[in-house]
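**Student:** Sequence first, predicted model second:
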Amino acid sequence: MELITDVSRGAWLLARAGAFATVGGTVGTGFEAAARILHPVSADREDRSIEDEWGDHPNVESAVWPWAEVAARTGKTMHPLVQWRSLTGRPNESDLVFEDGWRVDPPEEGSFEPILLAALTEHLAEATSTPDDLVAAVWGGWAELSGGSTLAVGWQGPDEPTAEEIESMQRYVVERRAAHHDEQAAVRAALAVERFDWPHRECLLLSMTLPQLADPTWLDRARIGTVADLHHTPQMLWPEDHSWVLASEIDWDSTIVAGSRALVDAVLADDRFEAFPVDEDSDLTWDGDLVNG
């Protein structure tokens, strides 16, 4: 995975950017079809008959749910532009708790589950002639890529620290802060390249391949050069033949695939994905869910 400094490789897509907060503004316009894949949610069932000293309950079961499971419990309707807040009836993105003990986390935003991405590569490979030549756009604002993260150090122990422990900790803090400053400076220097200026989202461009993404553990080893780790799947991804685009906008809890009708139909027919057909003008904001209000 190498840093691409020639941002003109994204010029074709910039010319097709649609209105912000629409499908076309997320993945580009002019494709035959598009699908929206909802990011699944993590669910844990608590044993509410047991409570620890902090008032928490132990988890006795875990699962990954599609949004449809939540809709069945909240009485809401699943449709292509369903929004999590409308589905849950909650004004924020806190955990959703049901009376039978299940607690559901909000869906992941800005990153596509690597296991699902690996499954999707099967369809993406069929739809491109350049599976070994992909361009990935990754938002440069992620903490590990910005070179501006902060370091917090605290004390944790059963008792108050002794004078010797305090002195040792103070030395450690000074040393660690200096090392952290140098690490962040190295990230900034290594990534000081021209950015791909997708509307409202300044991104770095990286080289990738579909075989690489077909391994769901690839993020465990993902690094840009020698100084920057990568902890998120790309915000945008396209092959050199421009046959399709995949996009996971940093504020959305769904991923868009745009390309040929055959590609989108294959994604919609695959029950590994909770996917719906969308148009390039479809509204992906919270207000876009006109069915659930």
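**Tutor:** Here it is on my side, so go on.
**Student:** all contacts plus neighbour counts: C-alpha atoms, from now on.
**Tutor:** Fine.
**Student:** quick one: contacts for the residue most central in space within the chain?
**Tutor:** What sits nearest the mean C-alpha location of the chain, by Cα atoms, centre = their mean, is S111, with 0.9 Å. S111 is in contact with H232, T233, P234, Q235, S248, E249, I250, counting by Cα atoms under 8 Å, 6 or more residues apart in numbering.
**Student:** And the helix or strand bottoming out on mean pLDDT in the chain, how far out from the chain middle?
**Tutor:** Using mean pLDDT, DSSP states H and E, helix 143-146 stands out as the lowest-scoring helix or strand of the chain, at a mean of 72. Offset of helix 143-146 from its chain centre (Cα atoms, centre = their mean, to the nearest Å): 15 Å.
**Student:** just stretch 268-281 next, same as before
**Tutor:** Worked out by Cα atoms, centre = their mean, stretch 268-281 lies 17 Å from the chain centre.
**Student:** Not counting its own residues, what contacts it?
**Tutor:** Here stretch 268-281 makes contact (Cα under 8 Å, 6+ apart) with 18-19, 22-25, 28-29, 33-40, 66-67, 79-81, 116, 119, 264, 267.
**Student:** Can you give me the neighbour number for A178?
**Tutor:** When neighbours are counted by other Cα atoms under 10 Å, A178 registers 11.
**Student:** State the three-state secondary structure for it.
**Tutor:** helix (DSSP: H, G, I helix; E, B strand; the rest coil).
**Student:** Tell me the confidence at it?
**Tutor:** A178 is assigned 77 on the pLDDT scale.
**Student:** before we move on, what about G147?
**Tutor:** Per-residue pLDDT puts G147 at 61.
**Student:** ditto for L151
**Tutor:** Value for L151, per-residue pLDDT: 69.
**Student:** what do you get for the one 3 residues further on?
**Tutor:** The predicted local distance difference test score for G154 is 72.
**Student:** Give the ChimeraX command for selecting the buried subset of the contacts of stretch 268-281.
**Tutor:** In ChimeraX, a selection of the buried entries from these looks like this (16 or more other Cα atoms under 10 Å):
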select :18,19,22,23,24,25,28,29,33,34,35,36,37,38,39,40,66,67,80,81,116,119,264,267
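**Student:** Just the ones in helices from the contacts of stretch 268-281, please.
**Tutor:** V23, G24, G25, W67, L116, A119, V264, V267 (DSSP state H).
**Student:** among those residues, which two are most distant?
**Tutor:** Pairwise distances across those (Cα to Cα) peak at 24.9 Å, for the pair G25 and A119.
**Student:** Give me the below-cutoff pLDDT ranges for the stretch 1-150 of the chain.
**Tutor:** Residue ranges of the stretch 1-150 of the chain with pLDDT under 70: 146-149.
**Student:** which residues touch the closest residue to E46 other than its chain neighbours?
**Tutor:** Closest residue to E46 apart from its sequence neighbours, by Cα to Cα, 6 or more residues apart in numbering: N59 at 4.4 Å. Each residue near N59 by Cα under 8 Å, 6+ apart is listed here: D44, R45, E46, D47.
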